[in-house]
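A.B. asks: okay, here's the prediction I keep looking at, along with the sequence it came from:
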Amino acid sequence: MSTIYGHDHILRELDSELAQNRLSHAYLLVGAPHIGKMSLALHFAKTINCLNLDGGTPCQNCNQCIRISNAQHPDVRIETLESMISDSSRTAKSMHIDQIRDVLRHVNLSPFESSHKIIIFEQAELLNNESGNALLLTLEEPPPNVVFFLLTNQESAMSSTIHSRCRKLQLHPLPKREVSNYLIETHRVEPSLAEQLARLSQGCLGSAINSITDTEILIDRTNQIKAVYETSQSPLQTRFAYASEIAQIFRQDRASAKHILFFWQGWWRDLLLVKIGTEDFILNLDYINELRLHASGLTQTNIVDFLKSLEDTTSHLDRNVNARLAMEVLMLNLPVSKHLQVL
């Protein structure tokens, strides 16, 4: 049974190219976090190596499949570019370029067991200029029997030259009903909880599954929404203290800071949906009363303008603008509602 749920269009393309021996040397997998990019790349690696393929589907149980799942196969390499690495750091640049050089030495060796070497880069948007240029040379003149998978949820942050050397495969969110049905049928989740998790996942099945296997995720969500809600009624001094806190988190771990902004974007998107009367599409449906109360103290223009500020802040952080300044500007632009109650 395939471990991939959804994304049938991409599976068909990859299976067809493999069957006809016309693989691209590099694929750019683009999609939201936890939408299935890594699962697809590993599925492809298993398809090449599996000893017991069934109709083109890896068995998941043979020695090859198990070693790939456990990141122990000599011809399948996963490289994670840590989000805490900053381009402004000399040490960080050295870490990046050394990491890439080691990969390039590896790909110039013949495969040990397989017909192809598979190289998977997580968070490929974090390649800095020096390491990106080193990789680019290999993408322009790739060794035989090597396939690169570059995974990103920030296509706009990718180098345009690297982007142009890859075949782009876009992963689309699954319909809410499909996610809900999968949770009910495969994980025996109660229908009401499955509905809530399907909404919150925004079509990313991995997010929904993580939420039922890791209780800390829903606890974190509650804490983040409380912070958004309470900051939205706080005086400027308190908002600036919050901005400083997020900036400090960003300096240590970019992904965690962007995770917080993700909750802000989700909440303010919901406020807009409440304001225009389309509550059926709200993500945080379990907070509908709080959303209605918050929206009652804002105009539609207030909400749209702040959503734009959130988008601008995320873009500024991607371009290494001073994190504290970016967050303080965001808090200055935050429309404060006096209609809110303490959660």
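C.D. replies: Yep, that arrived.

A.B. asks: all contacts plus neighbour counts: C-alpha atoms, from now on.
C.D. replies: OK.

A.B. asks: how far does stretch 116-128 sit from the chain's center?
C.D. replies: 14 Å (C-alpha atoms, centre = their mean, to the nearest Å).

A.B. asks: could you work out the end-to-end span of that stretch for me?
C.D. replies: End-to-end distance for stretch 116-128: 27 Å, by C-alpha to C-alpha, to the nearest Å.

A.B. asks: spit out the contact partners of Ala198.
C.D. replies: Shown in contact with Ala198 (C-alpha atoms under 8 Å, 6 or more residues apart in numbering): Lys176, Arg177, Val179, Ser180, Leu205, Ala208.

A.B. asks: looking at this, the last one is in a helix?
C.D. replies: This points to Ala208. Yes - checked against DSSP: H, G, I helix; E, B strand; the rest coil, Ala208 lies within a helix.

A.B. asks: quick check: it touching Ser201?
C.D. replies: Yes - assessed by C-alpha atoms under 8 Å, Ala208 is found in contact with Ser201 at 5.3 Å.

A.B. asks: so what's Ile184 up against?
C.D. replies: Ile184 neighbours (C-alpha under 8 Å, 6+ apart): Glu190, Pro191, Ala194.

A.B. asks: so the second one sits right up against Ser180, yeah?
C.D. replies: Yes - counting by C-alpha under 8 Å, Pro191 touches Ser180, with 7.5 Å between them.

A.B. asks: more neighbours: which of these two?
C.D. replies: Ser180 (25 against 14; other C-alpha atoms under 10 Å).

A.B. asks: does the more buried one count as helix, strand or coil?
C.D. replies: helix.

A.B. asks: going forward, count from 699.
C.D. replies: Taking 699 as the first residue, the last one we looked at is Ser878.

A.B. asks: what sits up against the longest helix that the chain contains?
C.D. replies: Identified as the longest helix of the chain according to DSSP state H is helix 952-973. For helix 952-973, contacts defined as C-alpha under 8 Å, 6+ apart pick out 781-782, 919, 922-923, 926, 944-945, 947-948, 977, 979-982, 989-990, 992-994, 997-998, 1001-1002, 1004-1005, 1008, 1012.

A.B. asks: kindly export that helix (C-alpha atoms) in PDB.
C.D. replies: Only the C-alpha atoms of helix 952-973 are listed here, as PDB (Å, rounded to 0.1, in the frame of the first residue of the first chain):
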ATOM      1  CA  ARG A 952      13.800  31.400  12.100                       C
ATOM      2  CA  ALA A 953      11.300  28.600  11.600                       C
ATOM      3  CA  SER A 954       9.900  29.000  15.200                       C
ATOM      4  CA  ALA A 955       9.400  32.800  14.600                       C
ATOM      5  CA  LYS A 956       7.700  32.200  11.300                       C
ATOM      6  CA  HIS A 957       5.500  29.600  13.000                       C
ATOM      7  CA  ILE A 958       4.300  32.300  15.400                       C
ATOM      8  CA  LEU A 959       3.500  34.600  12.500                       C
ATOM      9  CA  PHE A 960       1.600  31.800  10.800                       C
ATOM     10  CA  PHE A 961      -0.900  31.900  13.700                       C
ATOM     11  CA  TRP A 962      -1.200  35.600  13.400                       C
ATOM     12  CA  GLN A 963      -2.000  35.300   9.700                       C
ATOM     13  CA  GLY A 964      -4.500  32.500  10.300                       C
ATOM     14  CA  TRP A 965      -6.300  34.500  13.000                       C
ATOM     15  CA  TRP A 966      -6.500  37.700  10.900                       C
ATOM     16  CA  ARG A 967      -7.600  35.800   7.900                       C
ATOM     17  CA  ASP A 968     -10.500  34.400  10.000                       C
ATOM     18  CA  LEU A 969     -11.400  37.900  11.200                       C
ATOM     19  CA  LEU A 970     -11.700  38.900   7.500                       C
ATOM     20  CA  LEU A 971     -14.000  36.000   6.800                       C
ATOM     21  CA  VAL A 972     -16.200  36.800   9.800                       C
ATOM     22  CA  LYS A 973     -16.300  40.400   8.600                       C
END
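
A.B. asks: give me the mean pLDDT for it.
C.D. replies: Across helix 952-973, the average pLDDT comes to 93.

A.B. asks: next helix or strand past it?
C.D. replies: Proceeding N to C from helix 952-973, the next assigned helix or strand is helix 986-994, under DSSP states H and E.

A.B. asks: what packs against that next one?
C.D. replies: helix 952-973 (3 or more C-alpha pairs under 8 Å, 6 or more residues apart in numbering; DSSP states H and E).
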